[in-house]
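Engineer: give me coordinates for this.
(2 chains)
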Amino acid sequence: GAGVSQSPSNKVTEKGKDVELRCDPISGHTALYWYRQSLGQGLEFLIYFQGNSAPDKSGLPSDRFSAERTGGSVSTLTIQRTQQEDSAVYLCASSLRLAGTHLQFFGPGTRLTVL
Amino acid sequence: SQQGEEDPQALSIQEGENATMNCSYKTSINNLQWYRQNSGRGLVHLILIRSNEREKHSGRLRVTLDTSKKSSSLLITASRAADTASYFCATTQGGSEKLVFGKGTKLTVNP
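Structural biologist: Residues are numbered from 1 along each chain as shown, chains lettered A, B, ... in the order given. Alright, predicted model coming up:
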């Protein structure tokens, strides 16, 4: 497809379980970002990849959160031992430097519900 | 953490009217972007304005930026029911690539 895709679109899990969220960026985009959106906190940055490395992971809320990117393409966000406060929509974006600015294109998100 | 603050938090207007949303931020920025979000899912990029620009137009959208006041406004002219959505401003700062989002304005355009 032409846009950023994310899977699953919805995920319901029990407290304490691990979850993996996947992001497929736009082909050729070298930068990939994860954000999350929750009612209480709004839209928050989590982590950013340039190629396969993560220069900025300052937004990861705890060591239960990790992310990787392989082959400069697909990224996986993993949340271990999920808690109810992890319930949110997790958004992925990718970008290609354009005229010195980074225009980020967002996927549809994964809605995570932790019971 | 959230830096931007949009106001109003919610705006309800009639079709054909203009809608103005404001955004304030706290630190120096590289650029400011406006996004639209329907039904709490994916964000659609609307317009980007660089820190050295003061005004930008795109179709029915007009964005202004006042770096001295650290504020921006988004004007949607001749609104349509399809413009109903949440609108967010987002900034990039310094050498960081991440977007810092405001809390958003929920716009309802009544037919």
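
Engineer: contacts and neighbour counts: CA atoms only from here.
Structural biologist: Fine.

Engineer: ramachandran coordinates for the spatially most central residue of chain A?
Structural biologist: Per Cα atoms, centre = their mean, the C-alpha nearest to the average position across chain A is that of A:Trp34, at 3.1 Å. Dihedral pair for A:Trp34: phi -120, psi 140, per degrees, to the nearest 10.

Engineer: how about it: what's its closest non-neighbour residue?
Structural biologist: Among residues not flanking A:Trp34 along the chain, A:Cys92 sits closest, at 4.6 Å (Cα to Cα, 6 or more residues apart in numbering or on different chains).

Engineer: and that neighbour, what pLDDT?
Structural biologist: Looking at A:Cys92, its pLDDT is 96.

Engineer: part of a strand, is it?
Structural biologist: Yes. A:Cys92 sits within a strand when classified using DSSP: H, G, I helix; E, B strand; the rest coil.

Engineer: for chain A, give me its nearest residue in chain B.
Structural biologist: The nearest approach of chain B to chain A comes at B:Gly42, 4.0 Å away (Cα to the nearest Cα).

Engineer: wouldn't the residue nearest to A:Trp34 be in contact with A:Ala31 here?
Structural biologist: No. Using Cα atoms under 8 Å, A:Cys92 is not in contact with A:Ala31; the gap is 10.7 Å.

Engineer: between the two, which one's more packed in?
Structural biologist: A side-by-side neighbour count of A:Cys92 and A:Ala31, using other Cα atoms under 10 Å in any protein chain shown, places A:Cys92 first with 33 against 24.

Engineer: A:Gln104 touches A:Leu91, doesn't it?
Structural biologist: No. Judged on Cα under 8 Å, A:Gln104 makes no contact with A:Leu91 at a distance of 11.4 Å.

Engineer: helix or strand for A:Leu21, which one?
Structural biologist: Take DSSP states H and E as the rule and A:Leu21 turns out to sit in strand A:19-24.

Engineer: quick check: residues of chain A near chain B?
Structural biologist: A:33, A:41-45, A:48, A:89, A:91, A:101-102, A:104-109 (Cα under 8 Å from any Cα of the partner chain).

Engineer: residues of chain B that sit close to chain A?
Structural biologist: Within chain B, the positions near chain A by Cα under 8 Å from any Cα are B:1-2, B:31, B:41-45, B:97-103.

Engineer: now do 6 Å
Structural biologist: B:41-43, B:103 (Cα under 6 Å from any Cα of the partner chain).

Engineer: who wins for neighbours among those residues?
Structural biologist: Ranking the residues of chain B next to chain A using other Cα under 10 Å puts B:Leu43 first, with 24 neighbours.

Engineer: low-confidence ranges, the chain, go.
Structural biologist: I'll assume chain A. Chain A contains residues with pLDDT under 70 at A:1, A:97-101.

Engineer: oops, wrong one, chain B.
Structural biologist: For chain B, the stretches flagged by pLDDT under 70 are B:1-4, B:40.

Engineer: how about the strands of it, start to end?
Structural biologist: Assigned by DSSP state E, the strands in chain B fall at B:5-7, B:10-14, B:19-24, B:31-37, B:43-50, B:55-58, B:61-66, B:71-76, B:85-92, B:100-101, B:105-110.

Engineer: now render the ones you listed as CSV, adding distance to A:Gly71.
Structural biologist: Below are those laid out as CSV (distance: least, Cα to Cα, whole Å):
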stretch, distance to A:Gly71
strand B:5-7, 37
strand B:10-14, 42
strand B:19-24, 38
strand B:31-37, 29
strand B:43-50, 26
strand B:55-58, 36
strand B:61-66, 38
strand B:71-76, 38
strand B:85-92, 26
strand B:100-101, 27
strand B:105-110, 38
